[in-house]
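Trainee: I would like to see how this sequence folds:
(one chain, ligands or ions: 1)
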Amino acid sequence: MQILLYVICYMKILFFGDIVGQPGRQALKKILPELKQELKPDLVLANGENVAHGQGLTEKAIKEVLDCGIDFLTSGDHTFALGGSEQILADKKIPILRPLNWPGNAAGRGYEIITVGTRRALLVNLIGRVFMKHDFDDPFQKLKELLEDYSLKGKEQGSEAMDAIILDFHAEATSEKAALAWFLDGRVSAVLGTHTHVPTADERILPGGTAFLSDLGMVGPQESVLGANKETVIKRFLTQRLFKLETASGSQVEIGGAVIEINDQTGLAISINRIRKIVALE
Ligand SMILES: [Fe+2]
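Mentor: Residues are numbered from 1 along each chain as shown. Coordinates of the predicted model:
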């Protein structure tokens with residue numbers, strides 16, 4: 001009797017939700033080496049729009065998380081919150097994206113082809129429009145246009161072949177995130193939500209093979225409101241005044257993310273598993 005053994009080769013991606021300020025950076029420094037040892041990811045990604053002071057980007061804060069083992073960052077509505085962001089985003093040596101559908105001539109880029117061994121993965125960053133303060137371009141249309149140039153395994157005629165297409169959809173509304181995931185099902189490897197800082201438990205692989213999770217959560221202080229100082233947020237609700245938000249302190253940091261395995265043959269997802277851990281900082 002002949003037994004045929006099939007070995008599925010896959011790429012493993014570890015993606016963290018929004019890294020919030022110094023507590024987020026410190027927690028990554030502490031946990032990422034052991035997580036990498038345990039999970040052996042081929043690529044480590046995170047949303048970095050809150051990496052500096054809980055809102056915005058600085059070169060120093062970005063370097064700190066890259067030194068921890070993050071390969072590439074995405075961002076969102078806080079991308080341009082701090083002075084110097086434009087120079088950071090315009091520097092192609094710094095591995096960070098801003099949303100592709102940011103209108104006007106925004107500095108930086110919304111997608112990047114990342115070389116992972118012999119594979120080429122397309123990382124894309126989009127921002128939602130529902131309940132967001134700014135008037136962003138249509139994310140659905142932007143993605144549709146991009147997929148005419150790049151497609152999984154070159155399925156679209158005339159497009160460049162990608163081994164994986166991973167999308168960070170930085171958006172508030174779960175409906176918008178789910179709609180985009182269904183819109184892209186079978187055409188991208190994964191649609192992962194960020195921005196709310198609250199992890200959702202709806203991870204699944206859609207029928208066409210796209211992994212989907214509404215929100216990855218955050219890497220940020222647990223004794224907080226979405227990473228911000230809870231007393232200030234309560235005061236804002238009580239007084240209806242915009243007191244400046246600061247990143248919360250505290251020694252407990254929650255780690256929100258997911259691990260996605262992508263089939264080398266098809267570029268579609270084999271599995272998606274959430275990660276949720278609490279790290280104690282000394
Ligand atoms: Fe955001």
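Trainee: for the stretch 151-282 of the chain, which segments are assigned as strands?
Mentor: 160-162, 164-170, 190-194, 204-205, 211-213, 218-221, 252-263, 269-280 (DSSP state E, counting those that start in this stretch).
Trainee: which one of the ones you listed lies nearest to the ion?
Mentor: Minimum separation from the ion across the strands of the stretch 151-282 of the chain (C-beta to the ion) falls at strand 164-170, 5.6 Å. The way it works is simple: take the backbone N, C-alpha and C, and place the C-beta from them, glycine included.
Trainee: hang on, Lys153 packs against Ala161?
Mentor: Yes - in this structure Lys153 lies within contact range of Ala161 using C-beta atoms under 8 Å: 5.4 Å.
Trainee: circling back: now render the strands of the stretch 151-282 of the chain as CSV, adding mean neighbour count.
Mentor: Converted to CSV, the strands of the stretch 151-282 of the chain look like this (neighbours: other C-beta atoms under 10 Å):
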stretch, mean neighbour count
strand 160-162, 16
strand 164-170, 28
strand 190-194, 29
strand 204-205, 14
strand 211-213, 26
strand 218-221, 30
strand 252-263, 23
strand 269-280, 16
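Trainee: out of those strands, nearest to Ala52?
Mentor: With C-beta to C-beta as the measure, strand 218-221 is the member of these nearest Ala52 (12.9 Å).
Trainee: if you skip the residues just before and after it, what's nearest to the closest residue to the ion within the stretch 101-250 of the chain?
Mentor: Ranked by C-beta to the ion, the top residue of the stretch 101-250 of the chain for proximity to the ion is His195, at 4.0 Å. In this structure, His195 finds its nearest non-sequential neighbour in His170, 4.6 Å apart by C-beta to C-beta, 6 or more residues apart in numbering.
Trainee: is that neighbour bridged to anything, and to what?
Mentor: Beta-bridge pairing for His170 (DSSP bridges): Ile127, Thr194.
Trainee: returning to that earlier point: how many other residues sit next to the residue of the stretch 101-250 of the chain closest to the ion?
Mentor: By other C-beta atoms under 10 Å, the residues close to His195 number 28.
Trainee: need the strands of the stretch 151-282 of the chain in TSV (columns: mean pLDDT).
Mentor: Putting the strands of the stretch 151-282 of the chain into TSV (pLDDT from 0 to 100) gives the following:
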stretch	mean pLDDT
strand 160-162	98
strand 164-170	98
strand 190-194	98
strand 204-205	98
strand 211-213	98
strand 218-221	98
strand 252-263	98
strand 269-280	97
